[in-house]
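>>> Okay, here's the prediction I keep looking at, along with the sequence it came from:
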Amino acid sequence: MRYAWHSPHDQRWTGFLAALIVVLSSAPLCAQEADETPMLAPSRSLYASLGIGFINIDERGPGVRAPLGFVAALNKQRLIARATLLDLSFLEGDNRDDRYARSFSAYAPSNCYDTRTGYYVSNYRCSGGTDLLGSASAELNYVVLRGVWLSGHQGQVFAGAGWRWKSPQSAYGSIGFFFERPYRSSGGVQLVIGQGFVGFGLLWGYDLRRLF
């Protein structure tokens with residue numbers, strides 16, 4: 001599916017979100033100290049999952065990604081399964097008006113101007129709008145390291161593989177960090193790399209056992 005609208009902040013928000021994600025995930029990893037109390041994770045759990053991050057698709061450029069779905073954590077088996085039912089990607093579109101163009105100079109930043117009047121106008125006039133791409137994916141990850149701390153949260157490092165159904169369709173590799181707070185929430189960060197795309201973002205999950 002594909003939608004387009006104009007916004008003067010499309011590219012600014014994309015850059016801001018990417019920078020925010022990098023800052024939040026840049027805290028150093030450190031091994032769990034001997035006197036720390038181990039995290040009491042349930043043997044199995046199911047979460048409704050939401051994510052926010054960035055994605056870069058070949059021939060389309062960078063954009064914002066928001067995956068929605070479910071995560072199942074099987075701690076005894078050291079497995080984390082994720083089903084993304086709605087994988088949304090917001091990318092810059094190509095719905096440009098030929099009336100408006102950008103001026104380029106080695107001494108000044110790029111500006112948008114009206115080719116009919118010669119006057120400078122708002123930058124959104126030169127924007128191609130925003131395209132919304134929809135997809136879905138499924139993946140299975142194995143917990144390779146437990147008892148790791150990241151940004152004040154104790155959790156697990158995982159790695160695995162998955163399949164993305166469209167936009168683009170591709171198998172992909174996955175690596176990231178996952179933590180649980182029993183009967184409250186889960187969260188973490190994840191990097192996915194497939195043929196024609198790469199994505200990185202923050203993840204949150206709501207423990208569905210709280211509803212029963």
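Arrived safely. None of the values given here were measured: they were computed from a predicted structure.
>>> Chain neighbours aside, what residue packs nearest to residue 186?
In this structure, residue 186 finds its nearest non-sequential neighbour in residue 205, 3.7 Å apart by C-beta to C-beta, 6 or more residues apart in numbering. (Each C-beta comes from the backbone N, C-alpha and C, glycine too.)
>>> got a list of what the one you found touches?
47, 48, 49, 50, 71, 185, 186, 187 (C-beta atoms under 8 Å, 6 or more residues apart in numbering).
>>> now do residue 167
Per C-beta under 8 Å, 6+ apart, neighbours of residue 167: 57, 89, 133, 134, 135.
>>> For it, which three-state class applies?
Following DSSP: H, G, I helix; E, B strand; the rest coil, the label given to residue 167 is coil.
>>> what's the answer for residue 48, then?
strand.
>>> What distance do you get for it to residue 70?
The gap separating residue 48 from residue 70 is 6 Å, by C-beta to C-beta, to the nearest Å.
>>> Likewise for residue 155?
Applying C-beta to C-beta to residue 155 and residue 70 gives a distance of 19 Å.
>>> higher neighbour count, the two?
residue 155 (24 against 15; other C-beta atoms under 10 Å).
>>> Quick check: closest non-adjacent residue to that one.
Of all residues not flanking residue 155 in the chain, residue 179 sits nearest, at 3.0 Å (C-beta to C-beta, 6+ apart).
>>> State the number of residues packed around that neighbour.
Residue 179 sits with 20 neighbouring residues when counted by other C-beta under 10 Å.
>>> Show me what the helix or strand it falls within is packed against.
Per DSSP states H and E: residue 179 is located in strand 170-181. For strand 170-181, the contact count by 3 or more C-beta pairs under 8 Å, 6 or more residues apart in numbering; DSSP states H and E identifies strand 130-150, strand 153-164, strand 185-194, strand 197-207 as packing neighbours.
>>> my guess is residue 204 contacts residue 49, does it?
Yes: Residue 204 lies in contact with residue 49 (C-beta atoms under 8 Å); the separation is 7.1 Å.
>>> Between the two, which contacts overlap?
Common neighbours of residue 204 and residue 49 are listed as residue 186 (criterion: C-beta under 8 Å, 6+ apart).
>>> of those two, who's got more company?
A side-by-side neighbour count of residue 204 and residue 49, using other C-beta under 10 Å, places residue 49 first with 21 against 15.
>>> show me the contacts for the more buried one.
67, 68, 69, 70, 71, 82, 84, 186, 203, 204, 205, 206.
>>> Let's have these in JSON lines, adding pLDDT and distance to residue 123.
Below are these laid out as JSON lines (pLDDT from 0 to 100; distance: C-beta to C-beta, whole Å):
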{"residue": "67", "pLDDT": "97", "distance to residue 123": "29"}
{"residue": "68", "pLDDT": "97", "distance to residue 123": "31"}
{"residue": "69", "pLDDT": "97", "distance to residue 123": "35"}
{"residue": "70", "pLDDT": "97", "distance to residue 123": "39"}
{"residue": "71", "pLDDT": "96", "distance to residue 123": "39"}
{"residue": "82", "pLDDT": "97", "distance to residue 123": "37"}
{"residue": "84", "pLDDT": "97", "distance to residue 123": "33"}
{"residue": "186", "pLDDT": "90", "distance to residue 123": "39"}
{"residue": "203", "pLDDT": "94", "distance to residue 123": "32"}
{"residue": "204", "pLDDT": "95", "distance to residue 123": "33"}
{"residue": "205", "pLDDT": "95", "distance to residue 123": "37"}
{"residue": "206", "pLDDT": "94", "distance to residue 123": "38"}
